[in-house]
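S.K.: test case, fold it:
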Amino acid sequence: MAATPPNPADSAPRRRVSRHRGEGQWAAGHFTPLNGNEQFKKDDDGLNVRTRIETIYSKGGFHSIDPNDLRGRMRWWGLYTQRKPGIDGGKTAILEPEELDDEYFMLRVRIDGGRLTTRQLRVIGEISQEFARGTADITDRQNIQLHWIRIEDVPEIWERLEAVGLSTTEACGDTPRVILGSPVAGIAADEILDGTPAIEEAHRRIIGNPAFSNLPRKFKSAVSGSPLLDVAHEINDVAFVGVRHPEHGPGFDLWVGGGLSTNPKIGVRLGAWVPLEEVADVFEGVISIFRDYGYRRLRTRARLKFLVADWGAEKFRQVLEDEYLKRKLVDGPAPAQPVERWRDHVGVHRQQDGRFYVGFAPRVGRVDGTLLAKIAEVAEAHGSGRVRTTVEQKMIVLDVEEAQVDSLVAGLESLGLTVSPSPFRRGTMACTGIEFCKLAIVETKARGISLIDELERRLPDFDEPITININGCPNACARIQVADIGLKGQLVLDEDGNQVEGFQVHLGGALGLEPGFGRKVRGLKVTSRELPDYVERVLKRFQAEREDGERFATWAARASEEALS
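M.R.: Modelled structure (predicted):
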């Protein structure tokens, strides 16, 4: 398909320019007024900032960086300023950006499909140890984030990453972010089809392409042929979900318009079946609609989910077919319900080729550079040269011979990485939190780790799948609305009337089986100190009141407010 040029003045289809400011849709002729973000993107493509980083900022240091590059365009290369230490959560919304900025950066390494070689993993570990004070976090979008990065070191870091086929290109910013993929694509015995070729082709066409580097806001995508529905397709801007068409065979069901943050929406099916070889075309068509018709006037309305909500599935599909693909899509079936409630691939599983893959669980995605290097070493010692990250902040070692499985498991366990985790370790996620994030109000990573430890001690016999997602602010990077227990960080009053860190609680959210958002109990807020007591109390009530085989989310939907308090 022909790509629409990125210049809004040249964008197709052409429309008569209107004086009405509208929603800032280029395709409707609404190019002004521009908010600050749209202005700096118009002034210069974010992709161009790399040259300035390499030739000016890395030599002149932090204070040589132009503010529009510092808090804007540098995100196009995976760089965010991190939070200055010692600023409490009550100051998050009060201080100016320059008051919150530390002189160090978070750097996000882009890992499309979660695919890594052990060599690549080792390089990330080495960069962490040498340039990032040992920090490393696995995100719920299959990336790895580093902290304490100095601008002076960025060119060398890029050189080392790119030497092994990794990059930070468009890992942040108003861009096509990492393309999620099943971490067991091409190897799982139950796979419907392998989406890897589609991810690779979409990446080739779109990532780093100026035609798609100025989007209204971030664009999240996913491709998976796993029947476990293992990429959280329901909350992506575009997602391709493996299905079997009764006439055409394996392909993908097309979803658009999902997203969380402060206005969450579950994606909608377009009712279209897409064969593997056409995924990149459709991907390009959907992202082009977002670029041309997306709402640019207000940042709070600039995600694709708002356009999909206003248009509806039928109109969106019609525009996609008529204006971008220039052909009709084939109608197709919805994906089947997954048979397993965990979809993180933790444990020991047989591959298509008779070998095994082994998934293990760090706590809330928190690892470090030394540990990443040791994981690579253990994997290689047992015959594997491939590892994967998951959307649940977990990791997987691939291609292990049966005779090597027990030894590999023992090697991982010796690193504190369990293949048979408790439900609490397996099901708890946390965002970056106040330790590094300028938007956060409360601590998350350390809180999540201590909560896991407490629940394992207090409820050693609890064996039901449970998800506990902890977020440091309302933006839902850790998917709080779709967790069994979602915890949104905020300042609350303790029993003595003091303002302290705490959480608003969401209960009974879910993806996969019956996607939906969690329930909020009126007035229910929990201090960080009280959190283990609260979660223990609710889980014991669930155990006491649940019907045979009932999931937590189902129970939470029908339970009394008293039982949930």
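S.K.: and the strands in the stretch 201-350 of the chain?
M.R.: Ranges of strands in the stretch 201-350 of the chain, per DSSP state E, counting those that start in this stretch, are 219-224, 238-245, 249-256, 268-274, 330-331, 347-350.
S.K.: to R551, which of those lies closest?
M.R.: strand 347-350 (19.8 Å; Cβ to Cβ). Heads up, the C-betas are built off the backbone N, CA and C, glycines and all.
S.K.: next one: the following helix or strand past the closest one to chain centre, how far?
M.R.: Next in sequence after strand 347-350, counting helices and strands by DSSP states H and E, comes strand 356-360. Relative to its parent chain, strand 356-360 has a centroid offset of 21 Å by Cα atoms, centre = their mean, to the nearest Å.
S.K.: could you number the chain from 332 rather than 1 from now on?
M.R.: Taking 332 as the first residue, the last one we looked at is strand 687-691.
S.K.: same question for strand 687-691, mean pLDDT?
M.R.: Averaging pLDDT along strand 687-691 gives 98.
S.K.: what does that strand rub up against?
M.R.: With contact meaning Cβ atoms under 8 Å, 6 or more residues apart in numbering, strand 687-691 is reached by 515, 518-519, 675-682, 721, 725-733, 736, 739-740, 743, 748-750, 752.
S.K.: one step back: of all the strands of the stretch 532-681 of the chain, which lies closest to R627?
M.R.: With respect to R627, and counting by Cβ to Cβ, the nearest of those is strand 550-555 at 13.3 Å.
S.K.: other SSEs contacting that closest one?
M.R.: Contact partners of strand 550-555 among helices and strands, from 3 or more Cβ pairs under 8 Å, 6 or more residues apart in numbering; DSSP states H and E: strand 507-512, helix 527-537, strand 569-576, helix 610-624.
S.K.: okay, and the residue nearest to A814 when sequence neighbours are not counted sits in which element?
M.R.: Nearest residue to A814, sequence neighbours excluded (Cβ to Cβ, 6 or more residues apart in numbering): N800, at 3.7 Å. Element membership for N800, per DSSP H and E: strand 799-802.
S.K.: direction included, what does that strand pair against?
M.R.: For strand 799-802, the paired strands and their directions (DSSP bridges) read strand 759-761 (parallel), strand 816-824 (parallel).
S.K.: can you show me the CA trace of that strand as CSV?
M.R.: Output in CSV follows, covering the C-alpha atoms of strand 799-802 (Å, rounded to 0.1, in the frame of the first residue of the first chain):
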residue,chain,number,x,y,z
ILE,A,799,-1.9,-7.5,42.1
ASN,A,800,-0.9,-4.5,40.0
ILE,A,801,0.8,-1.5,41.7
ASN,A,802,1.0,1.9,40.0
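S.K.: how many other residues sit next to the residue nearest to A807 when sequence neighbours are not counted?
M.R.: The shortest distance from A807 to any non-neighbouring residue, by Cβ to Cβ, 6+ apart, is to L591 (3.9 Å). Residues lying near L591 (other Cβ atoms under 10 Å) number 27.
S.K.: can you check H680 too?
M.R.: 16.
S.K.: tell me how far the residue nearest to it when sequence neighbours are not counted lies from R464.
M.R.: Leaving aside its chain neighbours, H680 sits nearest to Y688 (5.4 Å; criterion: Cβ to Cβ, 6+ apart). Note on Y688: its distance to R464, by Cβ to Cβ, to the nearest Å, is 32 Å.
S.K.: swap in Q812?
M.R.: Q812 is 33 Å from R464, where distance means Cβ to Cβ.
S.K.: and if you look at V587?
M.R.: Distance of V587 to R464, computed by Cβ to Cβ: 40 Å.
S.K.: ok, now H534?
M.R.: 31 Å.
S.K.: so if I had to pick from the two, which one is more boxed in?
M.R.: H534 (19 against 14).
S.K.: right, and the more buried one touches D443 too?
M.R.: Yes: H534 lies in contact with D443 (Cβ atoms under 8 Å); the separation is 5.6 Å.
S.K.: what do the two both touch?
M.R.: Residues touching both H534 and D443 (Cβ under 8 Å, 6+ apart): I510.
S.K.: which residues in the stretch 682-831 of the chain form strands?
M.R.: Here the stretch 682-831 of the chain has its strands, by DSSP E, counting those that start in this stretch, at 687-691, 697-699, 717-720, 726-731, 759-761, 799-802, 816-824, 830-838.
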